[in-house]
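**Q** Sharing a model that was predicted from the sequence below.
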Amino acid sequence: MEPEPLEPLPEDWARALCIVAHPDDMEFGAAAAVARWTGQGKDVTYCMVTSGEAGIDGMEPDECRRVREAEQVASAAEVGVPVVEFLGLADGVLEYGVPLRAAIAHVVRRHRPDVVITGNFRDTWGGNNLNQADHIAVGRAVVDAVRDAGNRWVFHDQLTDGLEPWGGVKAVWAFGSPLAGHAVDTTETFEAGVRSLEAHRAYIDGLGWEDFDAREFLEGFGRQTGQRLGVALAAAFEVFPMGWGE
């Protein structure tokens with residue numbers, strides 16, 4: 001059976017905020033799309049909820065934090081993202097709840113994006129490929145925090161020093177979701193996405209993936225998605241509209 005075709009994502013927006021759990025999350029599914037958008041002159045900012053300090057077994061967390069933050073900044077620069085924020089929450093033990101929502105709502109209120117991008121937060125990546133707990137917690141919290149950010153009476157204590165509610169987010173887009181119905185053509189920016197993933201060298205080496213080929217890995221998913229969009233290479237997203245009846 002032929003896979004369902006994907007719809008192109010809208011590109012009538014100016015500012016995006018990408019909120020994910022760890023350094024490297026964007027690069028495993030969305031960096032080439034980001035390169036496309038920054039190439040169009042759009043403003044894209046990254047926010048890492050943790051610094052991925054629990055991600056390398058053979059490296060102590062304090063050292064790992066330093067290494068992975070530096071890799072993420074370099075990785076973001078490969079796709080035209082000049083600002084990477086790190087919220088500093090504990091890697092590996094994130095919990096969905098009010099504190100996480102509050103932290104993310106504050107970031108949304110500060111950056112006032114048109115679109116918020118996060119990673120897949122479904123239970124799996126499709127089939128029996130289980131998702132990771134931090135990804136699920138962050139994605140769920142992002143959807144709720146975007147709505148919280150627009151409500152003056154939710155996390156009201158944040159509204160000091162001129163900070164105002166922000167209800168201008170049109171949608172949350174979750175890359176890599178098995179329920180994706182949209183995609184963006186990344187044919188022209190694929191190589192930037194590869195370089196962005198390759199910038200996480202210490203992390204990849206720390207996982208013991210000696211034979212890992214970033215280009216081969218990304219191309220496999222990119223071509224599958226591109227076929228459904230009618231282009232050579234693409235990145236898939238599940239869209240969560242933030243307005244009633246959309």
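**A** Okay, I see it.
**Q** Not counting the helix or strand of the chain with the lowest mean pLDDT itself, show me its contacts.
**A** None of the helices or strands of the chain scores lower by mean pLDDT, DSSP states H and E than helix 201-206, at a mean of 92. By CB atoms under 8 Å, 6 or more residues apart in numbering, the list of residues contacting helix 201-206 from outside reads 23-24, 52, 55-59, 67-68, 71, 212, 214. Where you see a C-beta, it was placed from the backbone N, CA and C, and this is true even at glycine.
**Q** What are the boundaries of the helices in this structure?
**A** 31-39, 61-78, 98-111, 133-149, 190-198, 201-206, 214-229 (DSSP state H).
**Q** Out of these, which one sits most buried?
**A** Counting by mean count of other CB atoms under 10 Å, helix 31-39 has the highest mean neighbour count of those, with a mean of 24.
**Q** In the protein, which residue is most central in space?
**A** Residue closest to the mean C-alpha point of the chain, counted by CA atoms, centre = their mean, is residue 118 at 3.7 Å.
**Q** ok, the residue lying closest to that one once chain neighbours are set aside to residue 155 distance?
**A** Nearest residue to residue 118, sequence neighbours excluded (CB to CB, 6 or more residues apart in numbering): residue 142, at 4.4 Å. Shown here: residue 142 relative to residue 155, a distance of 15 Å by CB to CB, to the nearest Å.
**Q** circling back to that earlier point, you'd agree the residue nearest to residue 118 is up against residue 104?
**A** Yes: between residue 142 and residue 104 there is a contact under CB atoms under 8 Å: 5.8 Å.
**Q** what's the overlap in contacts for those two?
**A** Counting by CB under 8 Å, 6+ apart, the common neighbours of residue 142 and residue 104 are residue 19.
**Q** Isn't residue 19 up against residue 143?
**A** No: at 10.5 Å, residue 19 does not count as touching residue 143 under the criterion of CB under 8 Å.
**Q** okay, and the common contacts of these two?
**A** residue 118.
**Q** what pLDDT does the residue nearest to the centre of the chain get?
**A** On pLDDT, residue 118 comes in at 98.
**Q** beta partners of it?
**A** On the basis of DSSP bridges, residue 118 is bridged to residue 174.
**Q** what's near enough to touch it?
**A** So residue 118 contacts 18, 19, 20, 138, 139, 142, 143, 172, 173, 174, 175 (CB under 8 Å, 6+ apart).
**Q** how far out from the middle of the chain is the least confident helix or strand of the chain?
**A** Relative to its parent chain, helix 201-206 has a centroid offset of 20 Å by CA atoms, centre = their mean, to the nearest Å.
**Q** same deal with stretch 118-128?
**A** 13 Å.
**Q** and it, how far apart are its ends?
**A** 21 Å (CA to CA, to the nearest Å).
**Q** Stretch 184-204 too?
**A** First-to-last distance for stretch 184-204 - CA to CA - comes to 26 Å.
**Q** Next: stretch 185-199.
**A** 22 Å.
**Q** circling back: for residue 108, state which of the contacts of helix 201-206 is nearest.
**A** Taking CB to CB as the measure, residue 108 lies nearest residue 23 of the contacts of helix 201-206, at 20.2 Å.
**Q** Surely the closest one is in contact with residue 70?
**A** No: using CB under 8 Å, residue 23 is not in contact with residue 70, being 9.2 Å away.
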